[in-house]
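Novice: What would the 3D arrangement of this be:
(chains A and B)
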Amino acid sequence: MYFVKKLYLPETLPEALKILKEHPETTILAGGTDVLVKMRHKRMRDVTLLSLAKLPLSGVEDKGDEIVIGPGTTFTALAENPIMQTRLPMLCTAARSMGGPQIQNVATIGGNVCNGATSADSAPSLFALDAVLTLTSAGGDRRVPIREFYTGPGRVKLESGEMLTAIHIPAGEQARWGGVYIKFSTRKAMDIAILGSAAVCELGEDGRVIKAAIAMGVAAPTPVRCTDAEALLTGKTPTAELLQEAGRLALTACSPRSSWRATKEYREALIQELSVRAFQEAYRLAGGKAL
Amino acid sequence: MIEIKCTVNGKPTQVRIEEGETLLDMIRERLGLTGTKRGCEVGECGACTVLLDGVPTDSCLMLAALADGKDILTIEGISSGRELSVMQQAFVDEGAIQCGYCTPGMILTAHALLKKNKNPTAEDIKRELAGNMCRCAAYNQIINAVQKAAREENKD
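Specialist: This is a model prediction of the structure:
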């Protein structure tokens, strides 16, 4: 039993936004696998909850130049979605790496994002893919790139009265494109990442890298993009030496800390190694040769 | 207090619940179905697993209010009368039960697995049961039991 002051179960978006406006202290309950755990640990009490369960916020839509993911889509639904499996398999990998099956069956990608955790399994991929979020309030919509959305540990740019209503992922030409997520954790299931690394690679007709994106989770207080490493790789034909140099440069964007899961030094070694492994695999998937 | 309507083990059920009550509280305390176990209560052990519309769900992390209109299957609903289900019998035959605390959740998750995958490999079973902890570590016997149940079900 949790001490819930009030539970709202709106059935339409306007109804939900009205409640959020009138009761700005409301906590949004998506899958509940983080909010209810916080309540169980008494880090939240006397809470007014607004459940998204009855809102039409789940599903994946292929709009050609972008894929739109409903924030209420569960990790299981995401991993089993044919559009995701064909166009963005790296997010299916991320979805399957999060928690265990029971958690994946109810936890949502929107909840994962709005928690603001640097360890969120969806975050490195969404950062590498340059995802854009639609935030909606009673006053209307605004769009925020995910790279600006995370502001600190557990903190995101969600204003009072606002909720996440769509996740947009630019997805153009699929030829010569590859994307990868690697989760490094002690156990394969029911574990939080020691480090998460995602990479996206797009190649030009001449085999040079025209887009390199490398993103890390748990490497800093928020997920980060390793822009120095990306700049080094862009425009070049990767070699083993170039990748090693990119791995070293990946560190410039990171400021890992020591925790009981791993030391700062261990995470630094992982950042170098996993940025290389992730990009190498993305490059191979894009049609580059194995290095 | 609010009232919800759901189907529990095939039976249409109306229950009056508190808004902050979990599905686990409702199943154990209001419906008296204590086969569903209270374990970690933070979604890590899977002892409280029930099938919600056929999908394995940690009942400790689900508000009972959100089960309104849903179909709930608990361990009590898995057998018919005094006869064990194929999965239950396979757990007994393979010695997959030690202390038994994880068993109801384990059996429900395995039951759901066989509904979507008739011939799971050991790897499939490990993946699907990853959210159910057995602290006696009878994992090998559990995998054997699920495969035995699959063979039995495929016979008919």
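
Novice: which helix of the chain spans the most residues?
Specialist: If you meant another chain, say so; for now it's chain A. Looking across chain A with DSSP state H, the single longest helix is helix A:264-285.

Novice: oops, chain B please
Specialist: Longest helix in chain B by number of residues (criterion: DSSP H): helix B:139-155.

Novice: Burial check on the residue in chain A that chain B sits nearest to, number of neighbours?
Specialist: Nearest residue of chain A to chain B, counting by CB to the nearest CB: A:Gly100, 2.8 Å away. C-beta: built from backbone N, CA, C; applies to glycine. Using other CB atoms under 10 Å in any protein chain shown, A:Gly100 has 26 other residues around it.

Novice: my guess is it meets B:Glu128, correct?
Specialist: No - taking contacts as CB atoms under 8 Å, A:Gly100 lies outside contact range of B:Glu128: 9.2 Å.

Novice: wait, doesn't B:Ser85 sit right on B:Leu114?
Specialist: No - with contact defined as CB under 8 Å, B:Ser85 does not reach B:Leu114; the gap is 10.5 Å.

Novice: who's more crowded, those two?
Specialist: B:Leu114 (20 against 17).

Novice: Which of the three states applies to that one?
Specialist: Following DSSP: H, G, I helix; E, B strand; the rest coil, B:Leu114 is assigned to helix.

Novice: residues contacting it?
Specialist: Taking CB atoms under 8 Å, 6 or more residues apart in numbering or on different chains as the contact definition, B:Leu114 lies against B:87, B:120, B:146, B:149-150, B:153.

Novice: Up against chain A, what does chain B have?
Specialist: Residues of chain B found near chain A (CB under 8 Å from any CB of the partner chain) are B:18-22, B:25, B:41-44, B:46, B:49, B:55-58, B:61-63, B:65-66, B:109, B:127-133.

Novice: could you pull out the strands for the chain?
Specialist: If you meant another chain, say so; for now it's chain A. A:4-8, A:27-29, A:47-51, A:60-62, A:66-69, A:132-137, A:140-145, A:150-152, A:155-156, A:163-170, A:177-184, A:195-203, A:209-217, A:224-225 (DSSP state E).

Novice: ah, no, chain B please
Specialist: With strands called from DSSP E, chain B shows them at B:2-8, B:11-17, B:49-52, B:55-58, B:71-73.

Novice: Walk me through the domains of chain B.
Specialist: Following automatic domain parsing, one gets these domains for chain B: B:2-77, B:86-155.

Novice: With B:Gly46 as the reference, measure out to the spatially most central residue of chain B.
Specialist: Compute the mean C-alpha point of chain B, and by CA atoms, centre = their mean the closest residue is B:Leu108, 3.0 Å away. Noted for B:Leu108: a distance of 9 Å to B:Gly46, by CB to CB, to the nearest Å.

Novice: one step back: determine which two of the contacts of B:Leu114 are furthest apart.
Specialist: B:Met87 and B:Pro120 (12.2 Å; CB to CB).

Novice: Please enumerate the shared neighbours of the two.
Specialist: Common contacts of B:Met87 and B:Pro120 (CB under 8 Å, 6+ apart): B:114, B:146.

Novice: Which residues outside the longest helix of chain B are in contact with it?
Specialist: B:86-87, B:89-91, B:93-96, B:106, B:110, B:113-114, B:118-120, B:122, B:125-126, B:129, B:134.

Novice: How about the contacts made by whichever residue of chain B sits closest to chain A?
Specialist: Minimum separation of chain B from chain A (CB to the nearest CB) falls at B:Gly131, amounting to 2.8 Å. Neighbouring residues of B:Gly131 by CB under 8 Å, 6+ apart: A:99-103, A:189-190, B:46, B:49, B:56, B:58, B:109.

Novice: Kindly report the residues of the stretch 1-150 of chain A close to chain B.
Specialist: Residues of the stretch 1-150 of chain A lying near chain B (CB under 8 Å from any CB): A:1-4, A:6-7, A:9, A:29, A:32-33, A:36-37, A:40-41, A:51, A:53, A:76, A:99-103, A:105-106.

Novice: Would you mark the buried spots in stretch B:32-43?
Specialist: Within stretch B:32-43, the residues that count as buried by 16 or more other CB atoms under 10 Å in any protein chain shown are B:33, B:35-39, B:41, B:43.

Novice: If anything else comes up later, I'll come back, but that's it for now.
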